[in-house]
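Student: just coords:
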């Protein structure tokens, strides 16, 4: 557990450098630090006995995301997909560097990186667990702000894509979240 706690401390210190902040329940947080903690919390809610690699991946899934902004890539689907791919590789590399500093060996680090890179999603239950948790963080903490920024047809499409990424355990947890009336309406239309 000593290595795990050291890695968490390194991940958290890195994510606390995020210049973007958000306020939740009256407290201001560096954005990626907040989301990393909430992703970790969702993993534990979904699987209280989650493995050490999954816990490490949850805390570092989007580590340093602010360092590669979306607007540094071209608009459109191709630009978006290229950004996402390069970002995932960055997250895996940065997490690996910090895990090595915490004392983990190469084989263990590579196992965590496979989860961060979402390799074999739908086939690997640990990767699916992370994907469920990511979708739940989005629905709980980010969906309402998306509603303010996007047209209804795009929001319905976002919900459908999010739903498709989750397993039944993710769906069950998502249906128990508290949503605004507008969000409930959009989710109903997307799933109807």
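Tutor: Good, I have the coordinates. Worth saying up front: this structure is predicted, and the values here are computed from it rather than measured.

Student: top helix in this structure by residue count?
Tutor: Ordering each helix of the chain by length in residues (DSSP state H) puts helix 77-102 first.

Student: other SSEs contacting that helix?
Tutor: Here helix 77-102 touches helix 2-15, helix 52-60, helix 106-116, going by 3 or more CB pairs under 8 Å, 6 or more residues apart in numbering; DSSP states H and E. C-betas here are computed from N, CA, C, even on glycine.

Student: can you count the residues close to residue 143?
Tutor: Residue 143: 22 surrounding residues under other CB atoms under 10 Å.

Student: what about the closest residue to it other than its chain neighbours, distance to residue 9?
Tutor: Nearest non-adjacent residue to residue 143, counting by CB to CB, 6 or more residues apart in numbering: residue 183, 5.9 Å away. As judged by CB to CB, to the nearest Å, residue 183 and residue 9 stand 35 Å apart.

Student: go on, residue 140?
Tutor: Distance of residue 140 to residue 9, given as CB to CB: 25 Å.

Student: before we move on, what about residue 137?
Tutor: From residue 137 to residue 9 the distance is 21 Å (CB to CB).
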